[in-house]
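Visitor: sequence-free structure coming up:
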């Protein structure tokens, strides 16, 4: 009687472990990559939306995954030693933050003036429009 209960408990544990990805946590950029984007915008249009009506832009984009394309204005490293880029917007810049080393390294290989497309989660307007957990879309 005890053996079937142990087998059933083991099977339940295995099913749980498999459904959780074998115990490996999903990274922020994997979450971004797997989530469907709600919009595909230029950096100018995104910045313009936030500068024109921040409340409406927050409703449409904040916390959501979007595609954004634009021209690289600047490439830098923040105080946590994570790379970021800024894309030229209308009256504000779009700051793109990368969570994983893979995309941080790719960002450092970009050049000013280069056209790029990213998929990222919009964090809203601070000094600039901020995109987090970005991945670089290949083939631009």
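Guide: That came through, no problem. Small disclaimer: the values here were computed from a predicted structure and weren't measured. Numbers count the residues shown, from 1 in each chain.

Visitor: now residue 36, nearest residue through space, not along the chain?
Guide: residue 65 (7.0 Å; Cβ to Cβ, 6 or more residues apart in numbering). The C-beta positions use only the backbone N, C-alpha and C, and glycine is treated the same way.

Visitor: what's the one you found in contact with, if anything?
Guide: Going by Cβ atoms under 8 Å, 6 or more residues apart in numbering, residue 65 touches 32, 35-38, 119-122.

Visitor: Now render the residues you listed as a markdown table, adding neighbour count and pLDDT.
Guide: Putting the contacts of residue 65 into a markdown table (neighbours: other Cβ atoms under 10 Å; pLDDT from 0 to 100) gives the following:
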| residue | neighbour count | pLDDT |
| --- | --- | --- |
| 32 | 23 | 90 |
| 35 | 13 | 94 |
| 36 | 6 | 96 |
| 37 | 16 | 97 |
| 38 | 12 | 97 |
| 119 | 20 | 97 |
| 120 | 28 | 97 |
| 121 | 23 | 97 |
| 122 | 25 | 98 |
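
Visitor: Tell me what the nearest residue to residue 123 once chain neighbours are set aside is bridged to.
Guide: Once flanking residues are discounted, residue 123 sits nearest to residue 130: 4.2 Å by Cβ to Cβ, 6+ apart. Taking DSSP bridges as the rule, residue 130 bridges to residue 95, residue 124.

Visitor: And the pLDDT at residue 130?
Guide: Listed pLDDT for residue 130 reads 96.
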